[in-house]
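Peer 1: Quick one: sequence and predicted model below, then my questions.
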Amino acid sequence: MPARRHRKQNYTETEVLKLLFAADEDECSVCSSATNSVSSEDEADFLEGIDRSLDTVEDVGEPFEPSQPPCTSQPSVPVCRGRGYVRRANTRGYRSRSQRSRGMGSRLETVPNHSGGWKTEKDPDHLPRSPPNCSCPKESQLPKLRDYWRVKSIFHVPYPQKVMSRDRFLSITWNMHMSDPAEDAANDRKKGTDEYDCLHRIRPLYDSLRVACKAVYHPERNLSVDESMVATKARISLKQYIKNKPTKWGIKLFVLCDNNGYTVDFNIYTGKSSFASGKVLSFHAVMSLVRKDFLDLDITFTVIIFYTSPVLFQHLYNLGFGACGTIRDTRIGVPNTKVNALTKKSPRGSIRWIRQGSLLCTKWMDTREVSVCTTLHTAYSGDTVKRVCKSSSGYTTLDVPVPTAVKDYNRFMGGVDLSDQLIGSYSSWKKSREWYMTVLHHFIDIAVTNSYLVHKQLCCSQGEQPMTH
């Protein structure tokens, strides 16, 4: 037989008031009995607003010294018997942050005694292990940085927590700078003047990485110059928009790469500026990457249509370097004539060329007209490419004549694209609030990619099997 439910007892308004008055009388009686037990001295202190446990009522002979250890007695924590969640005390043996700092020993000697200051770390003991940069394959990248230390997940990554704890890694990341913050503040006050450096926050590492890229590797014969983008939408003057790039918003870099994808040198585009030589941006973008004392004289440069100009190619030729690249017919200084020119009805594989001194301009008819300028090649040396052409009997594969300059351009122009592909496969980039941290991760990616390519070349020279990418 089911239990019988009790009905709720309904009280009238008069009965509710009687119950409230009765509870107040009981509370007053308890308070009065407690008040009678207090001594007269305590009552006088109470009337004057003095609490002997908190206030000093007697003269103290010596002033209070802050270096004296505080009282270690802890008040008793009341026990909550309700259903609400209460954070329990540390009873499982884990040390608090202050306890861990006491056990660091000699490492605390290298930490500055003030917060927010700048200190150049030269003691290798302070960073016993290099921080993990979370350069994982693109297929296994996690959405948040903290997820790399998560153990209760099927996508658990064991490597980062073996190198460094999560809190220490985040602490290093949050407090990392590439320049002195005091000097950064002084540089920010120079905005609007010629002395302002918009790359001041990354300048030390930027210059060091450029020197390191050229110090450990000597490039081969064929180099390429192209643009690269560091993805960011930060509100800075360095941000550019290029609609034809896969990364449309970001910081633009002029990159000099070897044919295998090694980044030999690079420059960050800082905006429009006037040059003392009177040359255009495309000329200075290439010449800022060319160092005659570092490169051999048999080096050849392959550039895209943005940089190609007769002035640039003639200047490189005078320095002893060769160059090749696609060119616009409307570019100033390009030799052009309408005699025996190509038309839209010209057959596939037709070649026309014109020479002006050391410059050779070649036009080739493929699916459309292709114009190439070079100081290295002859107009035609018997090279062919296979093309699928439509005929009356169907589609057939034919050998179409092609200029040597066009064939070498397609062969050696992909160095920067290959570098971007390797960087994108194992990128350490994570979304950041500071633009210079985004550039820092790109610098790390360049260093990692170059290190792998150096390892690959050393293994091949010694007859060993290199690691796969």
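Peer 2: That came through fine. Quantities reported herein were computed from a predicted structural model and do not represent experimental measurements.
Peer 1: Would you mind putting the CA coordinates of stretch 395-411 into PDB?
Peer 2: Only the C-alpha atoms of stretch 395-411 are listed here, as PDB (Å, rounded to 0.1, in the frame of the first residue of the first chain):
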ATOM      1  CA  TYR A 395      42.400  14.500 -79.200                       C
ATOM      2  CA  THR A 396      46.000  13.700 -79.800                       C
ATOM      3  CA  THR A 397      49.300  14.400 -77.900                       C
ATOM      4  CA  LEU A 398      51.800  16.400 -79.800                       C
ATOM      5  CA  ASP A 399      55.400  17.700 -79.200                       C
ATOM      6  CA  VAL A 400      55.200  21.500 -79.200                       C
ATOM      7  CA  PRO A 401      58.400  23.600 -79.600                       C
ATOM      8  CA  VAL A 402      59.100  25.700 -76.500                       C
ATOM      9  CA  PRO A 403      61.800  28.300 -75.700                       C
ATOM     10  CA  THR A 404      64.500  27.300 -73.300                       C
ATOM     11  CA  ALA A 405      63.700  30.400 -71.100                       C
ATOM     12  CA  VAL A 406      60.100  29.300 -70.600                       C
ATOM     13  CA  LYS A 407      61.100  25.700 -69.700                       C
ATOM     14  CA  ASP A 408      63.700  26.800 -67.200                       C
ATOM     15  CA  TYR A 409      61.300  29.300 -65.700                       C
ATOM     16  CA  ASN A 410      58.700  26.600 -65.000                       C
ATOM     17  CA  ARG A 411      61.500  24.400 -63.600                       C
END
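Peer 1: Now the lengthiest helix in the chain: buried residues?
Peer 2: Ranked by residue count under DSSP state H, the longest helix found in the chain is helix 435-461. Buried positions in helix 435-461, judged by neighbour count with 16 or more other Cβ atoms under 10 Å: 435-450, 452-453, 456-457. To be clear about C-beta, it is placed using only N, CA and C from the backbone, and glycine gets the same treatment.
Peer 1: Check which helices and strands that helix sits against.
Peer 2: helix 203-215, strand 222-231, strand 249-258, strand 263-268, helix 415-425 (3 or more Cβ pairs under 8 Å, 6 or more residues apart in numbering; DSSP states H and E).
Peer 1: try 6 Å this time
Peer 2: When contacts are defined as 3 or more Cβ pairs under 6 Å, 6 or more residues apart in numbering; DSSP states H and E, helix 435-461 packs onto helix 415-425.
Peer 1: Between helix 435-461 and the helix it packs on, find me the angle.
Peer 2: Angle of helix 415-425 versus helix 435-461, following axes from the mean of the first three to the mean of the last three Cα atoms, to 10 degrees, is 110 degrees.
Peer 1: which other helices and strands contact helix 415-425?
Peer 2: Packing partners of helix 415-425 (3+ Cβ pairs under 6 Å, 6+ apart): strand 222-231, strand 249-258, helix 435-461.
Peer 1: now do 10 Å
Peer 2: strand 222-231, strand 249-258, strand 263-268, helix 435-461 (3 or more Cβ pairs under 10 Å, 6 or more residues apart in numbering; DSSP states H and E).
Peer 1: thinking again about what came up before, tell me what angle the longest helix of the chain forms with helix 203-215.
Peer 2: 10 degrees.
Peer 1: residues near the nearest residue to Thr438 once chain neighbours are set aside, how many?
Peer 2: Distances taken as Cβ to Cβ, 6 or more residues apart in numbering put Thr232 closest to Thr438, at 4.9 Å, once the chain neighbours are dropped. Here the number of neighbours of Thr232 (other Cβ atoms under 10 Å) works out to 23.
Peer 1: can you pull the contacts of Thr232?
Peer 2: 238-239, 247, 249-251, 429, 431-432, 434-439, 442 (Cβ atoms under 10 Å, 6 or more residues apart in numbering).
Peer 1: Mind doing that once more with 6 Å?
Peer 2: Contact partners of Thr232, counting by Cβ atoms under 6 Å, 6 or more residues apart in numbering, are 250, 435, 438.
Peer 1: in which helix or strand would I find Tyr317?
Peer 2: Following DSSP states H and E, one finds Tyr317 within helix 310-319.
Peer 1: Tally up the residues packed near the closest residue in space to Asp399 that isn't next to it in sequence, please.
Peer 2: Spatial nearest neighbour of Asp399, excluding adjacent residues (Cβ to Cβ, 6+ apart): Thr384 at 4.2 Å. Neighbour count of Thr384, defined by other Cβ under 10 Å: 12.
Peer 1: what about the strands in this structure?
Peer 2: 222-231, 239-241, 249-258, 263-268, 300-303, 322-326, 351-356, 359-365, 369-374, 384-391, 394-401 (DSSP state E).
Peer 1: Please identify the most buried of these.
Peer 2: strand 300-303 (a mean of 24; mean count of other Cβ atoms under 10 Å).
Peer 1: What lies in contact with it?
Peer 2: Counting by Cβ under 6 Å, 6+ apart, residues outside strand 300-303 touching it are 222-225, 322-325, 376, 409, 412-413.
Peer 1: Mind putting those into CSV with distance to Leu142 and pLDDT?
Peer 2: Shown next, in CSV, are these (distance: Cβ to Cβ, whole Å; pLDDT from 0 to 100):
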residue, distance to Leu142, pLDDT
Asn222, 38, 90
Leu223, 37, 92
Ser224, 34, 93
Val225, 35, 93
Gly322, 47, 91
Ala323, 44, 93
Cys324, 43, 94
Gly325, 41, 93
Leu376, 48, 90
Tyr409, 40, 93
Phe412, 37, 90
Met413, 35, 91
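Peer 1: Which member of those residues is positioned nearest Trp174?
Peer 2: Checking the contacts of strand 300-303 against Trp174 by Cβ to Cβ gives Val225 as the nearest, at 36.9 Å.
Peer 1: so how far is Phe313 from that closest one?
Peer 2: 12 Å (Cβ to Cβ, to the nearest Å).
Peer 1: so who does Val264 touch?
Peer 2: Contacts of Val264 were listed using Cβ under 6 Å, 6+ apart, and they are 219, 256, 258.
Peer 1: Thanks a lot, catch you later.
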